[in-house]
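Just need the structure, nothing else, for what follows:
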Amino acid sequence: MAAIDYTTGVGPQIRKHLDEDLVVWLTTTSSDGTPQPNPVWFITEGEDIIVYSHRTAARNHNIRRNNRVSLNFNSDPEAEHMSVITGTAAFDETIPPPDMNDRYMAKYGHMIPGIGMTPETYAETFSVALRITPTKIRGW
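Prediction:
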């Protein structure tokens, strides 16, 4: 599959979100097909997006059943733009735990105490590494 072109159309807008935003909404679907959006922390790794999921999150079961997901970013206050990535999610045991992932800790390490955790307890709780491979971008 060809890589996503972030240089044309809405690509630069989405690339900026990937580079600067702290939260993205990850949507999976439940067994009855109901969309299940959840805000998650993320980093990029090459073309892929890495998310650490809570070890008991329903989204893990949803992804096992249907690995097609979407990611959307918050719009600006006037809702003048929208950015959506669709892709596939896979469980990836080769990704280091969040407390051992230097890029993840550089982005979120300062926020972890604010949710009442240490890097170690965060890594124990958010222990499921997901690799999301974008297949399409859209927006306005």
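
what's the first-to-last distance across stretch 43-51?
End-to-end distance for stretch 43-51, by C-alpha to C-alpha, to the nearest Å: 7 Å.

Now that stretch: average pLDDT?
Average pLDDT, stretch 43-51: 96.

list the buried ones in that stretch?
Going by neighbour count (16 or more other C-beta atoms under 10 Å), the buried part of stretch 43-51 is 43, 48, 49, 50, 51. For the C-beta atoms, the positions are set from N, CA and C on the backbone; glycine is no exception.

Tell me how far the fourth one lies from residue 32.
In this structure, residue 50 and residue 32 are 28 Å apart, going by C-beta to C-beta, to the nearest Å.

could I get the buried residues of stretch 43-51 as JSON lines with distance to residue 121 and secondary structure?
Shown next, in JSON lines, are the buried residues of stretch 43-51 (distance: C-beta to C-beta, whole Å; DSSP: H, G, I helix; E, B strand; the rest coil):
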{"residue": "43", "distance to residue 121": "20", "secondary structure": "strand"}
{"residue": "48", "distance to residue 121": "26", "secondary structure": "strand"}
{"residue": "49", "distance to residue 121": "24", "secondary structure": "strand"}
{"residue": "50", "distance to residue 121": "20", "secondary structure": "strand"}
{"residue": "51", "distance to residue 121": "18", "secondary structure": "strand"}
